[in-house]
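# Show me how the following folds:
(chains A and B)
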Amino acid sequence: MSNSLLENHSIMYAQQMKSRRLWNFSIIIIFIAAFFISSSVINFDLEKIISGIPRLGDYVLRILPNLDSTLLFENSKTEGSLSYWYFNIKKYLLLLYETFNMAVLSTAMGFVFAFILSFLSAKNITPNIFSYYLVKRFLEFLRGVPEIIFAILFVWALGVGPLAGIIAITFHTTGALGKLFSEVHENTDLNACEAIKSNGGNWLSEMRYGIIPKVLPNIISYALLRFEINIRASTVIGFVGAGGIGQELYLVINFNYYEEVSAIILLIILTVITIDIVSGSIRKKVIGEIND
Amino acid sequence: MGSLIIKSLVKEFDNTKALDQLTLEIHDGEMVGIIGKSGAGKSTLLRLINRLIEPTSGSIQYNEIDVSNLKGKKLKNWRSKCAMIFQQFNLIDRLDVLTNVLSGTLGNSFNILKLLKIYSKNEKIDALRHLHNLDLSDKALQRVETLSGGQQQRVAIARAMMQKPKILLADEPISSLDPKNSKVVMDDIRKINKEEGIMAICNLHSLEIAKEYCERIIGLSEGKIVFDGNPSELTKELSEQLYDLENE
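Numbering: from 1, shown residues only, chains lettered A, B, ... in the order given. Take a look at the predicted model:
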């Protein structure tokens, strides 16, 4: 009796495994086919890439500074010294500071908008289904349009400068964080919410006591991650005239001030690394909080 | 003396009847145990009384209040009058015990400051008094998640008491507790029922506990009342029928 049962099971198991393997195999085939189709669509050309690589090296070589190891710490008038390379350091730092502030401001404002809207666009807690769809579509729009498009739009409307960049990144951040936050809400269990509701608490109380304490660590962690992204975004966005170090970088690239290009890029890389490290360690602490 | 009067109450979920023409009267000061298999409609009944869910048809009345037709502020007032405690305690894990207890006032006296966790002195004293009655005053500033299950359920009872309830609805209050903690929690519910005269309605999984604590037992099966009376009247056949799948 039990033997035949076992046999039955092993046959069923073998059949299941077979169909699963077939399934996996067809997925791989589809993936490979899709790869070749899309590379033909975009004219993917390996030869072109290989022949382009030396030119890439050319540019990198060109932007490298002329440093002379014996003159490294001479003043900014001496060719070959560090301060000759970074003769414009004061301006860079000021612009970098501007970029940093653009990221801080737009992350903060985007956070506030996203936080408020996320309660309306989370299916399990939204006060009514109409606002749910409305807000969800609105967030999709904000998220769907790239920052750079918003930036071009606002530079055109408000003129060149960081304000356009701040608004552009705020819009995109609101959309991106709003989606993440509402997903966090949707994955929260509603036990505490139910208790607040059962004692006559209103919707605001339900959110404040039933949801916010539970989701806060996740939300802060997402916001910090977004801040890291926004530092890079606010650099790139300068290219279209939306302020900060990016605008200067675009300028020196266009004027072929080769050494300045490398000076600025190095500064940006250092800033991004520093902020990633700091915010990464803060994020770890915040997430760790959930587990105590 | 007031009473809760339920008349031909029906609740359907996707064409299955969770409650079927339920008629029932419970008086102030009574302690009633509701027993039955899971899916018999016990939890649905309590949720309907609190109006966490809407009845399909039928009526619920308490004294002059037509509970089943309340809306807006009056509905919130009613909810705060019939406090609920839950199997999973439903506390706010990441907040301290005192704030959890104080959140019981959100229904009957809401103001915007409470969203910043600012409560009046009197409310805090009240909360501490309820915690003291339940031997938990020394835990007031601890995070809820650091307490044992039994302690958490008593925090939930303290929160319920902050609502100054007329009715205490307990939905499987001891199902996730060990026997010792179960006894403490049931003793507390009985104490509240006896000393404050608050009507207590408890969904219970265990027939033994129901017999021990409740002077009246209501047996539910497939959304219908199959027994209503004194525990001593409950025959062996009937109790086996009520629990045949659970073997408890």
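
# buried ones in the strand or helix carrying residue A:184?
Assigned by DSSP states H and E, residue A:184 belongs to helix A:162-186. Within helix A:162-186, the residues scored as buried using 16 or more other C-beta atoms under 10 Å in any protein chain shown are A:162-185. For glycine as for every other residue, the C-beta is placed from the backbone atoms N, C-alpha and C.

# What is the next helix or strand after it packed up against?
Sequence order places helix A:191-198 as the next helix or strand after helix A:162-186, per DSSP H and E. Helix A:191-198 sits against strand B:82-85, with contacts defined as 3 or more C-beta pairs under 8 Å, 6 or more residues apart in numbering or on different chains; DSSP states H and E.

# ok, is the longest helix seen in chain B in contact with chain A or not?
When chain B is parsed with DSSP state H, its longest helix is helix B:179-196. No: using C-beta under 8 Å from any C-beta of the partner chain, helix B:179-196 stays clear of chain A, coming no nearer than 15.6 Å.

# buried stuff in that helix?
Applying 16+ other C-beta under 10 Å to helix B:179-196 flags B:181, B:182, B:183, B:184, B:185, B:186, B:188, B:189, B:190, B:192, B:193 as buried.

# Tell me where chain A has helices.
Going by DSSP H, chain A shows helices at A:2-41, A:46-63, A:82-85, A:89-120, A:129-144, A:147-158, A:162-186, A:191-198, A:203-205, A:212-236, A:245-254, A:258-291.

# now chain B
Applying DSSP H to chain B gives helices spanning B:42-50, B:72-81, B:97-102, B:121-133, B:149-162, B:179-196, B:207-213, B:236-243.

# and these as CSV, adding mean pLDDT?
Below are the helices of chain B laid out as CSV (pLDDT from 0 to 100):
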stretch, mean pLDDT
helix B:42-50, 92
helix B:72-81, 90
helix B:97-102, 94
helix B:121-133, 93
helix B:149-162, 93
helix B:179-196, 92
helix B:207-213, 89
helix B:236-243, 76
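
# Between those, which one is closest to residue B:12.
Nearest of the helices of chain B to residue B:12, taken as C-beta to C-beta: helix B:42-50 at 10.2 Å.

# which helices and strands sit right next to the closest one?
Looks like helix B:42-50 contacts strand B:3-13, strand B:16-27, strand B:31-35, strand B:82-85, strand B:167-171, strand B:199-203 (3+ C-beta pairs under 8 Å, 6+ apart).

# what do you get if the cut-off is 7 Å, keeping everything else the same?
Where contact means 3 or more C-beta pairs under 7 Å, 6 or more residues apart in numbering or on different chains; DSSP states H and E, helix B:42-50 is packed against strand B:3-13, strand B:16-27, strand B:82-85, strand B:167-171, strand B:199-203.

# Of all those strands, which one comes closest to chain A?
Chain A lies closest to strand B:82-85 among the helices and strands packed on helix B:42-50, at 4.2 Å (C-beta to the nearest C-beta).

# which bits of chain B sit near chain A?
Residues of chain B found near chain A (C-beta under 7 Å from any C-beta of the partner chain) are B:50, B:52, B:76-77, B:79-80, B:83-84, B:86, B:88, B:90-92, B:94-95, B:103-104, B:106-108, B:110, B:115, B:163.

# which parts of chain A sit against chain B?
Proximity of chain A to chain B is confined to A:191-192, A:194-202, A:204-205, A:208-209, A:213-214 under the rule C-beta under 7 Å from any C-beta.

# Taking the centroid of chain B, which residue is nearest it?
What sits nearest the mean C-alpha location of chain B, by C-alpha atoms, centre = their mean, is residue B:169, with 1.7 Å.

# who's in contact with that residue?
B:46, B:49, B:50, B:82, B:83, B:84, B:201 (C-beta atoms under 7 Å, 6 or more residues apart in numbering or on different chains).

# Out of the helices and strands packed on helix B:42-50, which one sits most buried?
strand B:82-85 (a mean of 27; mean count of other C-beta atoms under 10 Å in any protein chain shown).

# got the phi/psi numbers for whichever residue of the stretch 101-250 of chain A sits closest to chain B?
Proximity of the stretch 101-250 of chain A to chain B (C-beta to the nearest C-beta) peaks at residue A:200, 2.3 Å away. Note on residue A:200: its backbone torsions stand at phi 100, psi 10 [degrees, to the nearest 10].

# ok, now how distant is the closest residue to it other than its chain neighbours from residue B:99?
Distances taken as C-beta to C-beta, 6 or more residues apart in numbering or on different chains place residue B:107 nearest to residue A:200, at 2.3 Å, with adjacent residues excluded. Applying C-beta to C-beta, to the nearest Å, the value for residue B:107 to residue B:99 is 15 Å.

# ok, the two, which is more surrounded?
residue B:107 (24 against 20; other C-beta atoms under 10 Å in any protein chain shown).

# what's the spacing between the more buried one and residue B:162?
For residue B:107, the distance to residue B:162 - C-beta to C-beta - is 9 Å.

# Now for residue 70, how many residues are close by?
Just going to use chain A. 8.

# other chain: chain B
16.

# Surely it touches residue B:78?
Yes: in this structure, residue B:70 is within contact of residue B:78 by C-beta atoms under 7 Å, at 5.2 Å.

# which neighbours do these two share?
Both residue B:70 and residue B:78 are in contact with residue B:51, where contact means C-beta under 7 Å, 6+ apart.

# pLDDT value on the residue of chain B found nearest chain A, please?
Closest to chain A within chain B is residue B:107: 2.3 Å, counting by C-beta to the nearest C-beta. If you check residue B:107, the pLDDT there is 89.

# Same check on the one 5 residues further on?
In this model, residue B:112 is scored at 90, pLDDT.

# again, but for the one 4 residues further on
Per-residue confidence for residue B:116 comes out at a pLDDT of 90.

# Then residue A:223?
Confidence score, pLDDT, at residue A:223: 93.

# That one: what's it in contact with?
A:107, A:111, A:177.

# pretty sure the first one contacts residue A:227?
Spelled out, it's residue A:107. Yes: look at residue A:107 against residue A:227 with C-beta under 7 Å: they come within range, at 4.6 Å.

# Show me where chain A dips below the pLDDT cut-off.
A:1-2, A:288-292 (pLDDT under 70).

# if we can go back for a sec, can I get the helices and strands packed on helix B:42-50 in JSON lines with mean pLDDT?
Shown next, in JSON lines, are those (pLDDT from 0 to 100):
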{"stretch": "strand B:3-13", "mean pLDDT": "90"}
{"stretch": "strand B:16-27", "mean pLDDT": "90"}
{"stretch": "strand B:82-85", "mean pLDDT": "94"}
{"stretch": "strand B:167-171", "mean pLDDT": "94"}
{"stretch": "strand B:199-203", "mean pLDDT": "94"}
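
# Arrange those strands in JSON lines, one row each, with distance to residue A:30 as further columns.
Formatted as JSON lines, the helices and strands packed on helix B:42-50 follow (distance: least, C-beta to C-beta, whole Å):
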{"stretch": "strand B:3-13", "distance to residue A:30": "41"}
{"stretch": "strand B:16-27", "distance to residue A:30": "42"}
{"stretch": "strand B:82-85", "distance to residue A:30": "52"}
{"stretch": "strand B:167-171", "distance to residue A:30": "50"}
{"stretch": "strand B:199-203", "distance to residue A:30": "52"}
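
# what's the closest of these to residue B:222?
Ranking the helices and strands packed on helix B:42-50 by proximity to residue B:222 (C-beta to C-beta) places strand B:16-27 first, at 7.1 Å.
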